[in-house]
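J.: return a 3D structure for these sequence lines:
(one chain, ligands or ions: 2)
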Amino acid sequence: MTATKRVTRADLKPGEFLCDHCTAKCCRYFALPIDTPDSREELENIRWYLLHEDVSIFVDEGTWFLMVHTVCRKLRSDNLCGIYETRPQICRDYSTDNCEYDGDGCYDQLFESPEQMWEYIEAVYPQKKPKKKPARTELPIVS
Ligand code: SF4
Ligand code: SF4
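T.: Ligands and ions are numbered 1, 2, ... in the order given. I've put the predicted structure just below:
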């Protein structure tokens, strides 16, 4: 069996479109910027996000994003848009120039599970351990 060579941007001939060789990666998630967490409590909220399925958090150039891995309802089985003429502006504005077609999925930081976030929280805001109480010494009863 021979592996099919992946079409690269450089392989494109005049009039060919990169999207025609893609599995519509950009129609399979959405990501929203979120406030940069600056306390243990705020990171705990992010851990809560990650307790939900199909959610991840990434940091890109200092901005934190909540990413939801979910396929657009209008993506067709042939990986083309089912509402191309009336697709939202954000889809119209999206360009192949910097899209994730050949991206390596690398971010400055990526959290894919609540356990990863827990480790991060413990590293950044370690919980203070309660001080041990001194052992009680029994005093002799003097009568
Ligand atoms: S814009 Fe990029 S990621 Fe989206 S379908 Fe086209 S090639 Fe794929
Ligand atoms: S509306 Fe069309 S272009 Fe936009 S995300 Fe859905 S399938 Fe993709």
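
J.: what's the pLDDT at T137?
T.: With respect to pLDDT, T137 scores 67.

J.: three-state assignment of L32?
T.: strand (DSSP: H, G, I helix; E, B strand; the rest coil).

J.: distance-wise, check G103 relative to ligand 2.
T.: 17 Å (Cβ to the nearest ligand atom, to the nearest Å). The C-beta positions use only the backbone N, C-alpha and C, and glycine is treated the same way.

J.: relative to I34, how far out is that residue?
T.: 21 Å (Cβ to Cβ, to the nearest Å).

J.: looking at these two, which is more packed in?
T.: I34 (15 against 10; other Cβ atoms under 10 Å).

J.: thought the more buried one was touching W64?
T.: Yes. The criterion here is Cβ atoms under 8 Å, and I34 meets it with W64 at 5.0 Å.

J.: okay, and the common contacts of those two?
T.: Any residue near both I34 and W64 by Cβ atoms under 8 Å, 6 or more residues apart in numbering counts here, and that gives 46, 57.

J.: residue contacts, the residue nearest to S113 when sequence neighbours are not counted?
T.: Once flanking residues are discounted, S113 sits nearest to L50: 6.1 Å by Cβ to Cβ, 6 or more residues apart in numbering. By Cβ under 8 Å, 6+ apart, L50 lies in contact with 56-57, 111-114, 116-117.

J.: please see if stretch 12-30 touches ligand 1.
T.: Yes. Residues of stretch 12-30 are located near ligand 1 by Cβ under 6 Å from any ligand atom, namely 18-19, 22, 24-26.

J.: in that stretch, what counts as buried?
T.: 18-19, 22, 26-27 (16 or more other Cβ atoms under 10 Å).
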